[in-house]
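Trainee: Below: sequence and its predicted model.
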Amino acid sequence: MSLNHMPKHVAIIMDGNGRWAKKRLFPRTSGHRAGIKSVRQAIEYAVEHKIERLTLFAFGRENWQRPQEEVDTLMRLFSEVLVKELPMLKENNVCLNVVGDRSRLCAEVLDNMKITESQTLSNTGLQLNIAIDYSGQWEIVEAAKSIVKAVQDGSLGINDISEEIFSRHLQTNITQPVDLFIRTSGEQRISNFMNWQLSYAEFYFCSKMWPDFRKKDFQAAIDSFLKRKRRFGKTDEQL
Ligand code: FPP
């Protein structure tokens, strides 16, 4: 029995690429390559089930600390994927939006990002966010700076600052809260991902490594979500 509607916004931490590769005695980077198939599966599932928004965490601000070779491979991979998957995104009416700090990304990634974003801008189906050089705390600090500026230039009064206004100042401008948060690999933490938007999300932890994540695993997460009762602070009787 479903107690819930389909989630409108699903956010995923695609974790376990390194461990997947290590178990097979492959270099870590081959795990990231293998993870691309799972990215496609997640997008296809979201399109087929009319999920409105899917946010994928591809690279956190803390990930710059990884070995340079891994960082370089990941950047190359993002650049490649953004171009290669453009026809698939167009075919499926998907609108891509890359979220995060663009100031440290190399020209090639930025260029391919802009091309894919502009060519999918008017697509009205799945809104796909890919988070690159992103962290939830960074996003909140940036929003605070932007609010201070608005107060200083007189366009915003201190007493007008609300959760709604704050959401609008988030750099990623994702005002839609996350309904369902999925993390693969068995780790159970949010790792500085969408701290603001996860406030009322339902959490689902999948023990599979990201390269093994398939549509049936997405379906298992949805099945679990549909059985949950979301009260948003109210009592059962009030629902
Ligand atoms: C986490 O696994 C995964 C990443 C840091 C990268 C995710 C990237 C992809 C799936 C490639 C392409 C994606 C897009 C959206 C273009 P990990 O390396 O932390 O794994 P570990 O915890 O086992 O070491």
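Mentor: Noted; the coordinates are in hand. Worth saying up front: this structure is predicted, and the values here are computed from it rather than measured.

Trainee: only C-alpha atoms for contact and neighbour calcs from this point on.
Mentor: OK.

Trainee: Any buried residues in the lowest-mean-pLDDT helix or strand in the chain, and which?
Mentor: Every helix and strand of the chain was ranked by mean pLDDT, DSSP states H and E. The lowest is helix 163-168, at a mean of 92. Applying a neighbour-count criterion of 16 or more other Cα atoms under 10 Å, one finds Phe166, Ser167 buried in helix 163-168.

Trainee: Quick check: next helix or strand after that helix?
Mentor: Once the chain leaves helix 163-168, the next helix or strand it forms, by DSSP states H and E, is strand 180-183.

Trainee: Flag every buried residue along stretch 15-32.
Mentor: Asp15, Gly16, Asn17, Gly18, Arg19, Trp20, Ala21, Arg28, Thr29, Ser30, Gly31, His32.

Trainee: Out of those residues, which are close to the ligand?
Mentor: Filtering the buried residues of stretch 15-32 for proximity to the ligand by Cα under 6 Å from any ligand atom leaves Asp15, Gly16, Asn17, Gly18, Arg19, His32.

Trainee: for those, which one is nearest Phe181?
Mentor: Asp15 (12.7 Å; Cα to Cα).

Trainee: All the helices of the protein, in order from the start?
Mentor: 17-23, 28-48, 68-84, 86-91, 107-120, 136-152, 163-168, 215-226 (DSSP state H).

Trainee: Which strands or helices does the second one pack on?
Mentor: In terms of contact count using 3 or more Cα pairs under 8 Å, 6 or more residues apart in numbering; DSSP states H and E, helix 28-48 is assigned the packing partners helix 17-23, helix 68-84, helix 215-226.

Trainee: mind redoing it with 10 Å?
Mentor: Helix 28-48 is packed against strand 9-13, helix 17-23, strand 53-60, helix 68-84, helix 86-91, strand 127-134, helix 215-226, with contacts defined by 3 or more Cα pairs under 10 Å, 6 or more residues apart in numbering; DSSP states H and E.

Trainee: what does the last one give?
Mentor: Other helices and strands packing on helix 215-226, by 3+ Cα pairs under 10 Å, 6+ apart, are helix 28-48, strand 180-183, strand 202-205.

Trainee: Please enumerate residues in contact with it?
Mentor: Contacts to helix 215-226, defined as Cα atoms under 10 Å, 6 or more residues apart in numbering, come from residues 1-7, 10, 38, 40-46, 49, 179-182, 184, 201-208.

Trainee: How about the first one?
Mentor: The set of residues that contact helix 17-23 without belonging to it, under Cα under 10 Å, 6+ apart, is 16, 25-35, 184-185, 208-212.

Trainee: so who does the nearest residue to Glu187 once chain neighbours are set aside touch?
Mentor: In this structure, Glu187 finds its nearest non-sequential neighbour in Phe205, 7.3 Å apart by Cα to Cα, 6 or more residues apart in numbering. Taking Cα under 10 Å, 6+ apart as the criterion, Phe205 is in contact with Ile12, Ile13, Phe181, Ile182, Arg183, Thr184, Ser185, Gly186, Glu187, Gln188, Arg189, Ala221.

Trainee: thought Phe232 was touching Leu239?
Mentor: Yes. With contact defined as Cα atoms under 10 Å, Phe232 and Leu239 form a contacting pair (9.4 Å).

Trainee: Enumerate every residue touching Asp160.
Mentor: For Asp160, the contact set (Cα under 10 Å, 6+ apart) comprises Val151, Phe166.

Trainee: nope, Glu85 is what I was after
Mentor: With Cα under 10 Å, 6+ apart, Glu85 has these contacts: Arg40, Glu91, Thr116.

Trainee: Adding neighbour count and distance to His169, write these out as a markdown table.
Mentor: What follows is the contacts of Glu85, written out as a markdown table (neighbours: other Cα atoms under 10 Å; distance: Cα to Cα, whole Å):
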| residue | neighbour count | distance to His169 |
| --- | --- | --- |
| Arg40 | 16 | 31 |
| Glu91 | 11 | 32 |
| Thr116 | 22 | 24 |
